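In: no sequence for this one, just the structure:
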Ligand code: NAD
């Protein structure tokens, strides 16, 4: 919280500094008024009167939203600070970074949002599924109309480059398309009964309230995957986004709620509660929530999984990845090298599917690494909004600490740092306020998959390289870590492919051949095994988790026989 002394200073100081034109153009294209406090709660109406609040641009350090807070212990003293300050000044003033854009949900608002979601579900479950599909079609159109602006907002607030930001919105558009079709195909089954004159139906019905807790690195698409399926299934969805990307969630919710309102559907069918851990805990523990779909780190996912399980709720976990690419001697390096480069450096290494481990066959190590290294050295950090930029910033200062700690650990262990290994210094303004680090290739002294160097996910562009002679060895290393999200084999030999995708092959949820670890399409179910959480979202059979299934046995006959021939009549 901001201190009283700091407030006095702020009142006296000339507070207003204009938001940069790059930022204000993006915000105004999405109706996010930069000069005003933004409400961060939507349950049919916009509100938000909780504490804390700010969205910081990772590229420049500039604060993107106005701050509204109150002096600690003095509820009556509501202070609205009319400012766009640089983040370092806010730090000096004790204002927390990356918390919330406008006001986040207070406990009472959270409770009300949950209740409204429940009420909205009771209305929405009776809307026929194809009509729900029609609403999804309109949401798809509304999103597509804002694709460029929303993509730019993702770049501005999260830090990924523009083409990836726009791609993320495209993913939402794609899954909305998919769910429109699904709304006419969410079929149950008729099962043959062993009893004469009987029939068994497996019936899917809407589940209830689905809470979506999402991570910072996909501030739009992850919600999209969940909302589209949940909406098609007839549920109400309540979104708790990452605390550092509230603007993306507010912009998306405005677009979606506009469509709901035009169709006379309660807005709480797609509600929003911004905030940090406390709001997340409140959502997870609420019995008003039937399913929690959680995307985030393994550590938090473990807590969420246990909390939801302990109240016998449903949980879908999409957690950290630690993904490997394996390159065989017969691989086409013209394809493999740029793909590994994108997998490891794209999104500045901040995808759950980023390539973090590279296992090279001993016969191609030199050729592969020299080509990869020159691609790394060609990379320049830049403004993600600039279409020439390939490398944006890390999302937060804390992420830079994680990067530095990983490099230090590698160095202490005697690993060779082939390229990178430090933050960029002396960047020209305004990038000098950003979180830019050099993509790094490291060669640890040995491959020991139990060593944290190999077994933990470092959410930054750090790639560790190991050398193998037999595919079986590489598969063992691939599978030896706790996580099981994505994996990729580069080969032209069908025998290697058979091993890789078969019973003794990769144990990840995504098992690619001649395709990188990163950049999945929406058609297949997406998710990981083991400590990645076993969840599946998006395509495939993922929709089946968003409904409640009933087995309904119907008796059309004039007798009531028991199954398995059991007799329960008094014959004495
Ligand atoms: P995080 O775990 O710190 O936060 C995720 C969400 O949980 C946020 O909304 C946060 O506010 C909330 N939260 C924090 N503590 C909570 C608690 N105790 N109870 C309930 N909610 C709580 O993750 P992050 O740093 O935002 O995201 C990066 C991580 O997400 C990486 O590990 C990455 O691999 C993972 N991720 C996984 C996938 C996937 O599909 N497997 C996709 C994207 C990101």
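Out: Arrived safely, thanks for sending. Just so it is clear, the model here is predicted, and its values are computed rather than measured.

In: Endpoints of stretch 285-301, how far apart?
Out: End-to-end distance of stretch 285-301 (C-alpha to C-alpha, to the nearest Å): 14 Å.

In: mean confidence for it?
Out: Per-residue pLDDT values over stretch 285-301 give a mean of 98.

In: For it, what is the distance to the chain centroid?
Out: Relative to the chain's own centre, stretch 285-301 is displaced by 13 Å; criterion: C-alpha atoms, centre = their mean, to the nearest Å.

In: at contact distance from the ligand, anything in that stretch?
Out: Yes: with C-beta under 6 Å from any ligand atom as the measure, stretch 285-301 is seen reaching the ligand through 295, 296, 297, 300. (Each C-beta comes from the backbone N, C-alpha and C, glycine too.)

In: So which bits of that stretch are buried?
Out: Along stretch 285-301, the positions that meet the burial threshold by neighbour count (16 or more other C-beta atoms under 10 Å) are 286, 288-296, 298, 300-301.

In: check which helix or strand covers the residue in the stretch 101-250 of the chain that the ligand sits nearest to.
Out: Sorted by distance to the ligand under C-beta to the nearest ligand atom, the residues of the stretch 101-250 of the chain start with residue 215, at 3.1 Å. Assessed by DSSP states H and E, residue 215 sits outside every helix and strand.

In: what sits against it?
Out: 222, 242, 295, 296, 297, 352 (C-beta atoms under 8 Å, 6 or more residues apart in numbering).

In: That one and residue 243, how far apart?
Out: Going from residue 215 to residue 243 by C-beta to C-beta, to the nearest Å gives 11 Å.

In: List the residues that contact the residue nearest to residue 367 when sequence neighbours are not counted.
Out: Nearest non-adjacent residue to residue 367, counting by C-beta to C-beta, 6 or more residues apart in numbering: residue 333, 6.5 Å away. When contacts are counted by C-beta under 8 Å, 6+ apart, residue 333 touches 327, 364, 367, 368, 371.

In: Mind checking what secondary structure the third one has?
Out: Using DSSP: H, G, I helix; E, B strand; the rest coil, the secondary structure recorded for residue 367 is helix.

In: Distance-wise, check it relative to the ligand.
Out: Summarising the geometry, the distance separating residue 367 from the ligand, computed by C-beta to the nearest ligand atom, to the nearest Å, is 31 Å.

In: Model confidence for that residue, exactly?
Out: Looking at residue 367, its pLDDT stands at 98.

In: next one: the last one
Out: Turning to residue 371, the model gives it a pLDDT of 98.

In: Contacts only, for it.
Out: Taking C-beta under 8 Å, 6+ apart, one finds 333, 337 in contact with residue 371.

In: need the residues of this protein near the ligand, please.
Out: If contact is defined as C-beta under 6 Å from any ligand atom, the residues of the chain in contact with the ligand are 213-218, 222, 240, 242-243, 276-277, 280-281, 284, 295-297, 300, 303-304, 318-321, 352, 457, 459, 485, 528, 532.

In: In strands only, show me these.
Out: Among those, DSSP state E puts 213, 240, 295, 318 in strands.

In: neighbours of the first one, just the number please.
Out: If you count neighbours by other C-beta atoms under 10 Å, residue 213 ends up with 24.

In: Likewise for the last one?
Out: Neighbouring residues of residue 318 were enumerated by other C-beta under 10 Å; the total is 29.

In: so it bridges to which residues?
Out: When assigned by DSSP bridges, residue 318 has beta-bridge partners residue 295.

In: Name the nearest residue to residue 20, ignoring sequence neighbours.
Out: For residue 20, the spatially nearest residue (C-beta to C-beta, 6+ apart) is residue 62, at 6.0 Å.

In: Pull up the gap between the one you found and the ligand, please.
Out: In this structure, residue 62 lies at 21 Å from the ligand, with C-beta to the nearest ligand atom as the measure.

In: Touching, that residue and residue 431? I think so.
Out: No: the pair residue 62 / residue 431 is not scored as a contact, 11.3 Å apart, by C-beta atoms under 8 Å.

In: ok, the two, which is more surrounded?
Out: The neighbour count for residue 62 versus residue 431, taken as other C-beta under 10 Å, is higher for residue 62 (22 against 17).

In: beta partners of that one?
Out: In this entry, residue 62 is beta-bridged to residue 86, by DSSP bridges.

In: So what's the predicted local confidence for it?
Out: With respect to pLDDT, residue 62 scores 93.

In: The one 10 residues further on too?
Out: What the model reports for residue 72 is a pLDDT of 33.

In: same check, this time on residue 20
Out: For residue 20, the model assigns a pLDDT of 87.

In: likewise the one 4 residues further on?
Out: In this model, residue 24 is scored at 90, pLDDT.

In: Would you check that it makes contact with residue 34?
Out: Yes: proximity of residue 24 to residue 34 meets the contact threshold set by C-beta under 8 Å, at 5.3 Å.

In: mind checking how far residue 524 is from the ligand?
Out: With distances defined as C-beta to the nearest ligand atom, the gap from residue 524 to the ligand amounts to 13 Å.

In: ok, that residue to residue 538 distance?
Out: The value you get for residue 524 to residue 538, if C-beta to C-beta is used, is 7 Å.

In: Likewise for residue 207?
Out: Spatial separation of residue 207 from residue 538 under the definition C-beta to C-beta is 17 Å.

In: Kindly confirm my reading that residue 36 is in a strand.
Out: No: with three-state DSSP as the criterion, residue 36 is assigned coil and is not in a strand.

In: In this structure residue 144 contacts residue 173, no?
Out: Yes: if you go by C-beta under 8 Å, residue 144 and residue 173 touch, sitting 5.2 Å apart.

In: Could you check which of the two has the larger neighbour count?
Out: Under the criterion of other C-beta under 10 Å, the comparison of residue 144 against residue 173 puts residue 173 first, with 19 against 16.

In: so who does that one touch?
Out: 140, 143, 144, 147.

In: Just put those in CSV and tack on secondary structure and pLDDT.
Out: Formatted as CSV, the contacts of residue 173 follow (DSSP: H, G, I helix; E, B strand; the rest coil; pLDDT from 0 to 100):
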residue, secondary structure, pLDDT
140, helix, 98
143, helix, 98
144, helix, 98
147, helix, 98
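
In: Filter the residues you listed down to the buried ones.
Out: Burial by neighbour count, judged by 16+ other C-beta under 10 Å, picks out 140, 143, 144, 147 from the contacts of residue 173.

In: okay, those in CSV with distance to residue 419 next?
Out: As requested, those are arranged in CSV below (distance: C-beta to C-beta, whole Å):
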residue, distance to residue 419
140, 42
143, 39
144, 40
147, 35
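
In: Residue 555 touches residue 198, doesn't it?
Out: Yes: using C-beta under 8 Å, residue 555 and residue 198 qualify as a contacting pair, with a distance of 5.3 Å.

In: SS state for residue 49?
Out: For residue 49, the reduced secondary structure class is coil; criterion used: three-state DSSP.

In: Could you report the separation of it from the ligand?
Out: The gap separating residue 49 from the ligand is 19 Å, by C-beta to the nearest ligand atom.

In: Use 10 as the first number from now on
Out: In the new numbering, first residue 10, that becomes residue 58.

In: Report pLDDT for that residue.
Out: Here, the pLDDT recorded for residue 58 equals 81.

In: re earlier: list buried residues within the residues of the chain next to the ligand.
Out: The neighbour-count test (16+ other C-beta under 10 Å) marks 222-227, 231, 249, 251-252, 285, 289, 293, 304-305, 309, 313, 327-330, 361, 466, 468, 494, 537, 541 as buried among those.

In: Please report how far the residue of the chain most remote from its centre lies from residue 428.
Out: With distances taken from the mean C-alpha point of the chain and given as C-alpha atoms, centre = their mean, the most distant residue is residue 581, at 65.5 Å. According to C-beta to C-beta, residue 581 and residue 428 sit 88 Å apart.
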